[in-house]
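[1] I'll drop the sequence and a predicted model, then ask my questions.
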Amino acid sequence: MPEGHTLHRVAASLSHHLGGRTVTSTSPQGRFAAGAARVDGRRLVSAEAWGKHVLVEFEDVAEHVHVHLGLFGGWKVTVPVMGTEAVPDVVGEVRWRLSGPGATADLRGPTACELLTPDEVASLLTRLGPDPLRDDSDPEQAWQRISASRSPLATLLMDQTVVAGVGNVYRAEVLFRHRLPPFLPGRELDRPTWDAVWADLVVLMQDGVQSGRIDTVRPDHTPEAMGRDPRVDPHGDEVYVYRRAGMPCLVCGAPVLTKVVAGRNLFWCPECQRADRLSP
DNA sequence: ACACTATGCTTAG
DNA sequence: TAAGCCTAGTGTG
């Protein structure tokens, strides 16, 4: 379930439960054995998220552990509770296990789990656009790219060098919430609208960090509020268009459309997000 | 038992 | 544009 909010949540959890603690680092599956051994027995300094990337820093180790989940990867952080095992059994393919007195974190299925030198970390970070979840981000940098681009907004929002941390759900939802046509070229977006989109991403994604899920639907737009049956619309409580192809738009009732764009499923409402409805 | 899906990204052609 | 990569859950026979 990896969009930016997931990784910020994980990074905060690791920092909170294991920060400053000496940790055991292993690779039960074996594919990160050397890297895991490099930081085993060290003190965890910090875990930080940049877009969808997580960097974990250890005392007296120059390299950072870099993790990217890809499409299928996931973290599971277990906090010991009275009456449960302090360290859970390994289940499935655990690439990396970080364990300390405060928690055990298991990483499965990542695209990247590797040691990066400081130079490599720097070059990774320069490739990333501003992240709505970081307060050191400057949305102006994204605006420079968007306002100069002929690419569709839907493509630009998924481009991690433009905005870091937005994935397929947030892209579809933020476009809908601002009634923006997904294929509108970036250069045709106006500045006030971009500012509003950015501000909305900040709110939505911060909410996602808090709740651990993506909820974008205003209370007055839920299927129940609109008099529809929530049972036939399993996603309608949470999102406007993502994975709701063929279902009625929560606002206007038109069937939600879907199309594969650059290998990813895009969802939008053809009525609410019409180019000729854009305010001048 | 298989088939299929998924909130991602990189590299080759 | 397509292929490859990584895993688990769900659905179908």
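    Perfect, I can see it now. Numbers count the residues shown, from 1 in each chain, chains lettered A, B, ... in the order given.

[2] Start and end of stretch A:38-58, how far apart?
    End-to-end distance of stretch A:38-58: 10 Å, with C-alpha to C-alpha, to the nearest Å as the criterion.

[3] wait, does it contact DNA strand B?
    Yes. Applying C-beta under 7 Å from any atom of the strand, one finds stretch A:38-58 touching DNA strand B at A:51-52. Just so you know, the C-beta spots here come from the backbone N, C-alpha and C atoms, and that holds for glycine as well.

[4] in that stretch, what's buried?
    Residues A:38-39, A:42-45, A:47-58 are the ones in stretch A:38-58 that count as buried (16 or more other C-beta atoms under 10 Å).

[5] any idea how far whichever residue of chain A sits closest to DNA strand B lies from DNA strand C?
    With C-beta to the nearest atom of the strand as the measure, A:G167 is the residue of chain A nearest to DNA strand B, at 2.4 Å. As for A:G167, its distance to DNA strand C is 14 Å (criterion: C-beta to the nearest atom of the strand, to the nearest Å).

[6] gap between stretch A:42-61 and the chain center?
    Computed by C-alpha atoms, centre = their mean, to the nearest Å, the chain-centroid distance of stretch A:42-61 equals 18 Å.

[7] what about that stretch, start to end distance?
    Criterion C-alpha to C-alpha; first-to-last residue distance in stretch A:42-61 is 8 Å.

[8] can you tell me if that stretch touches DNA strand C.
    No. Using C-beta under 7 Å from any atom of the strand, stretch A:42-61 stays clear of DNA strand C, coming no nearer than 12.7 Å.

[9] what's next to that stretch, contact-wise?
    The contact list for stretch A:42-61 (C-beta atoms under 8 Å, 6 or more residues apart in numbering) reads A:2-4, A:7-8, A:10-12, A:14-15, A:18-23, A:25, A:38-39, A:64-69, A:98, A:100, A:116, A:121, A:124-125, A:128-129, A:131, A:133-134, A:160, A:164-165, A:167.

[10] 7 Å instead?
    A:2-4, A:7-8, A:10-11, A:14-15, A:18-23, A:38-39, A:64-69, A:121, A:124-125, A:128, A:131, A:160, A:164-165 (C-beta atoms under 7 Å, 6 or more residues apart in numbering).

[11] Any of those buried? List them.
    Looks like the contacts of stretch A:42-61 have A:2-4, A:7-8, A:10-11, A:14-15, A:18-19, A:23, A:38-39, A:64-69, A:121, A:124, A:128, A:131, A:160, A:164-165 buried, using 16+ other C-beta under 10 Å.

[12] Now A:N265. Nearest residue, chain neighbours left out?
    The spatially closest residue to A:N265, leaving aside those adjacent along the chain, is A:T258, at 5.6 Å (C-beta to C-beta, 6 or more residues apart in numbering).

[13] try A:W268
    Take A:W268 and drop its neighbours on the chain: the residue closest to it by C-beta to C-beta, 6+ apart is A:P182, 4.9 Å away.

[14] What's the local residue count around the nearest residue to A:R243 once chain neighbours are set aside?
    What sits nearest to A:R243 in space, not counting adjacent residues and going by C-beta to C-beta, 6+ apart, is A:H235, at 5.2 Å. Counted with other C-beta atoms under 10 Å, the neighbours of A:H235 add up to 16.
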